[in-house]
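Participant: Build me a structure from this.
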Amino acid sequence: MTVVKRWGGKWDRWTVIALVVGLFLVAGLGVAAVLREPESTAAAPKPAKVEALPGRTEKKVVLTEEGAARLGLQTQPVAAATAGKRAITTIPYSALMYLPDGTTWAYTPTDHPLAFVRHPLTVTAIQGDKVLLAQGPAAGTPVVTVGVAELYGAETGVGK
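Facilitator: Take a look at the predicted model:
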């Protein structure tokens, strides 16, 4: 019997052969895992589609149902109010979006229930969680209150 001395102990040739075969097996499995084809080559559908609007710099963001559910998208209607003798409208503060140039916007739905477009606002004042508007969407128009930043990111291509 052939004996190999290793680390102060004795290994017979069958132990050495078993170790070598085991190493080749592990290496072979690793190579097979790397070379294996992906289970699904189909691209996942995008959660939003962006469409140009004629004559406008803003774009329409059309969400899939799954995209809207992922965002937890929520809306609230624009409310009518009075400031002294003037009729004004209010929106929740969570619907208000400031752009870097200082302009204020809110997303409103369009002709499709999951399609939204930015609407310009003129803010008169902010009182707690309410934004008083001099100009903006008409009373009763829904504005997005949850998912605003994500809609803006989809519209402008942030993250691409």
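Participant: Look at residue 71 and report its pLDDT.
Facilitator: The confidence metric pLDDT takes the value 88 at residue 71.
Participant: Nearest spatial neighbour of it, chain-adjacent residues omitted?
Facilitator: Excluding its sequence neighbours, the residue lying closest to residue 71 (Cβ to Cβ, 6 or more residues apart in numbering) is residue 147, at 3.8 Å. The C-beta positions use only the backbone N, C-alpha and C, and glycine is treated the same way.
Participant: How about the contacts made by the one you found?
Facilitator: Residues near residue 147 by Cβ atoms under 8 Å, 6 or more residues apart in numbering: 68, 71, 72, 73, 74.
Participant: May I see the ChimeraX selection of the buried members of these?
Facilitator: This is how ChimeraX selects the buried members of those, with burial counted by 16 or more other Cβ atoms under 10 Å:
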select :68,71,73
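Participant: would you list the contacts of residue 147 in JSON lines and tack on secondary structure and distance to residue 124?
Facilitator: Listed next are the contacts of residue 147 as JSON lines, based on DSSP: H, G, I helix; E, B strand; the rest coil; distance: Cβ to Cβ, whole Å:
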{"residue": "68", "secondary structure": "helix", "distance to residue 124": "31"}
{"residue": "71", "secondary structure": "helix", "distance to residue 124": "29"}
{"residue": "72", "secondary structure": "coil", "distance to residue 124": "29"}
{"residue": "73", "secondary structure": "coil", "distance to residue 124": "27"}
{"residue": "74", "secondary structure": "strand", "distance to residue 124": "24"}
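Participant: hmm, back to that, how near is the residue nearest to residue 71 to residue 67?
Facilitator: 9 Å (Cβ to Cβ, to the nearest Å).
Participant: phi, psi of the residue nearest to residue 71?
Facilitator: Here is the backbone geometry of residue 147 (degrees, to the nearest 10): phi 110, psi 10.
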